[in-house]
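> pasting a predicted model and its sequence here:
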Amino acid sequence: MSDNNKKPVVVYGASGYTGRLVCEYLREFGIPFIAAGRSADKLNAAMKSNVAGIETATYEVVEVAHTVEALTALFTGASVVLNTVGPFAKFGPEVVDACLAAKCHYTDTTGEQDWLITLEAKYGASFAQAGLLLSPGLAQMYTTGEIAAQLCLETPGLDTLDIAVFWGGSPTIASTQTILVNAATSKAFHLYQNQYVEWQPDAGLYSLAIPGQHEMALALPWGGTSHPVWFKKDPRVSNVKVLGGVFNKPLMLGVPQIVAAALKATEGMNPDDRYAALAQTAAGVMNSMPPRENPRLNKSVDSVHATGPLGRAHCVIFGNCNYKQTGLLQAYAAHSLLQQPPKRVGFASGCQAFGHHELLGVLRSFGLVAKPELTVHNN
């Protein structure tokens, strides 16, 4: 495959649930892509059976080893790599190193807070110097809430963000594994006066009032999420707390017990053995692909209260199909990067790189979110 004929976008992990949706939306944008991963058989099966309209897409399947050398060779000649292979703290470094070597923009779908902090510290300056974008966490659970936060912050004088992110459905196989590994190996932080402060690890479930329903919802810090990292260097913002969860109450009630049992069972293990044990536990919780999302069932709510000494704002974005939102956001990122430079190079969130109004517009145009409900009280 010569570099001159290289497809401009690589979807790494294309056979997974999220990767398939990314490919589906790349097809809708008319973008040629490489569906890459560690198994050509799985990739071919996923493309043919799980990507709507794939017969009209311009793509090729490439099996690749998960090494910096092999990935660099694959990425060279492309422009954008959309990475869906997690847990990202474990599998991400090789992909990021290869993107830098091959001079490709990088995005992923993670909310692993430790991974974001590491990316900014280790790779942010190098990507910026190369004129490349390094944008992890481009996904519904992080970006749609960030859009709501940015809409609130258009009102001056607000410095505190209280964010809730909810969605209907079940985590994918990879998401379940990421949740357990992240809980077992990393702390979760919120932002207080521009400093990271650890969430109380044994606090259990939180009860939240969610817009649009009378019943209280159950939530967790969910690893801290990406929002405290994105806003740490925003001069408007000093404090950020995020809680999230699924609407399925029995599932939420079980999460702390599953995590606690996994932590106890893997205590004292070396990192490799611990990861293997956690992966096995995750497979016992979720070992099959969830069904394709149904907008009548798989709803999402992103709610942000922004406050300041003399003002407050509240923004709610009701949507559906959170994984489709993620697939679309990833595809739009590639679509934008192939046409113009991002608004910010180096380490940047989706909103910082592409604009929150632009991202909201594309989600609205595909029917995945409703018009935001923004209420402002500014004295």
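Yep, it's here. This structure is a prediction, so every number in the text was calculated from the model and none was measured. Numbers count the residues shown, from 1 in each chain.
> roughly how far does Ala348 sit from Lys371?
According to CB to CB, to the nearest Å, Ala348 and Lys371 sit 26 Å apart. (C-beta placed from N, C-alpha, C; glycine too.)
> between these two, which one's more packed in?
Neighbour totals were compared for Ala348 and Lys371, and Ala348 leads with 21 against 9 (other CB atoms under 10 Å).
> could you measure the more buried one against Leu82, distance?
15 Å.
> then Gly308?
Gly308 is 36 Å from Leu82, by CB to CB.
> ranges for the strands of the stretch 51-200 of the chain?
59-63, 80-83, 105-108, 133-135, 160-167, 189-192, 195-198 (DSSP state E, counting those that start in this stretch).
> returning to what we had before: which of Gly308 and Leu82 has more neighbours?
Leu82 (29 against 18).
> so that one bridges to which residues?
Per DSSP bridges, residues listed as beta-bridge partners of Leu82: Val11, Thr107.
> what of Glu63?
With DSSP bridges as the rule, Glu63 is bridged to Gly37.
> hang on, isn't it packed against Arg38?
Yes: assessed by CB atoms under 8 Å, Glu63 is found in contact with Arg38 at 6.7 Å.
> A strand includes Val376, no?
Yes: counting by DSSP: H, G, I helix; E, B strand; the rest coil, Val376 is part of a strand.
> which of the three states applies to the residue nearest to it when sequence neighbours are not counted?
Nearest non-adjacent residue to Val376, counting by CB to CB, 6 or more residues apart in numbering: Ala313, 4.6 Å away. Assigned with three-state DSSP, Ala313 falls in the strand class.
> could I get the contacting residues of Ala313?
Residues counted as contacts of Ala313 (CB atoms under 8 Å, 6 or more residues apart in numbering) are Leu151, Cys152, Thr155, Leu158, His305, Ala306, Thr307, Leu374, Thr375, Val376, His377, Asn378.
> which of those residues tops the neighbour count?
Ala306 (27 neighbours).
> look up how far Thr307 lies from the closest residue to that one other than its chain neighbours.
Nearest residue to Ala306 in three dimensions, chain neighbours excluded: Cys152, at 3.6 Å (CB to CB, 6+ apart). Computed as CB to CB, the Cys152 to Thr307 distance reads 9 Å.
> low-scoring pLDDT stretches of the stretch 251-379 of the chain, where are they?
The stretch 251-379 of the chain contains residues with pLDDT under 70 at 279, 281-288, 379.
> so where do the strands sit in it?
299-307, 311-320, 346-347, 373-378.
> what bits of the stretch 101-250 of the chain have low per-residue confidence?
170-185.
> can you map out the helices along it?
With helices called from DSSP state H, counting those that start in this stretch, the stretch 101-250 of the chain shows them at 113-129, 145-152, 173-185, 227-231, 249-265.
> now do the second one: distance to the chain's middle.
In other words, helix 145-152. Centroid separation for helix 145-152 versus its chain: 16 Å, with CA atoms, centre = their mean, to the nearest Å.
> again with the first one
Centre-to-centre, helix 113-129 and its host chain are 16 Å apart (CA atoms, centre = their mean).
> so for it, what gets flagged as buried?
Buried residues in helix 113-129, defined by neighbour count with 16 or more other CB atoms under 10 Å: Gln113, Asp114, Trp115, Leu116, Ile117, Thr118, Leu119, Glu120, Tyr123, Phe127, Ala128.
> and Cys351, how far is that from Ser15?
According to CB to CB, Cys351 stands 29 Å off from Ser15.
> work out the gap between the helix or strand Asp41 falls within and the centre of the chain.
Following DSSP states H and E, one finds Asp41 within helix 40-50. Mean C-alpha position of helix 40-50 versus that of the full chain (CA atoms, centre = their mean) differs by 23 Å.
> let's see that helix as CSV, backbone CA atoms only.
Only the C-alpha atoms of helix 40-50 are listed here, as CSV (Å, rounded to 0.1, in the frame of the first residue of the first chain):
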residue,chain,number,x,y,z
ALA,A,40,-8.7,-9.3,10.1
ASP,A,41,-11.4,-12.0,10.5
LYS,A,42,-13.2,-10.0,13.2
LEU,A,43,-12.8,-6.8,11.3
ASN,A,44,-14.3,-8.2,8.1
ALA,A,45,-17.2,-9.8,10.0
ALA,A,46,-17.9,-6.6,11.8
MET,A,47,-17.8,-4.5,8.6
LYS,A,48,-20.1,-6.8,6.6
SER,A,49,-22.6,-7.6,9.4
ASN,A,50,-22.7,-4.6,11.7
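> quick check: buried residues in that helix?
Quick answer for helix 40-50 (16+ other CB under 10 Å): Leu43, Ala46, Met47, Asn50.
> the closest residue to the second one other than its chain neighbours: what's it in contact with?
With CB to CB, 6+ apart as the measure, Ser15 is the residue that lies nearest to Ala46, at 4.0 Å, once sequence neighbours are left out. For Ser15, the set of contacting residues under the criterion of CB under 8 Å, 6+ apart consists of Ala35, Gly37, Ser39, Lys42, Leu43, Ala45, Ala46.
> for Thr225, same thing?
Gly111, Gln113, Met141, Tyr142, Ile163, Val165, Val242, Gly244 are the contacts of Thr225 under CB under 8 Å, 6+ apart.
> out of those residues, flag the one nearest to Val255.
Using CB to CB, Gly244 comes nearest to Val255 of these, at 11.2 Å.
> doesn't Cys23 make contact with Ala334?
No: counting by CB under 8 Å, Cys23 is not a contact partner of Ala334; they are 10.9 Å apart.
> ok, Ala65 - how many residues close by?
Neighbours around Ala65, by other CB under 10 Å: 12.
> ok, and the closest non-adjacent residue to it?
Arg38 (7.2 Å).
> residues near that neighbour, how many?
Count around Arg38 with other CB under 10 Å applied: 14.
> distance of it relative to Ala45?
14 Å.
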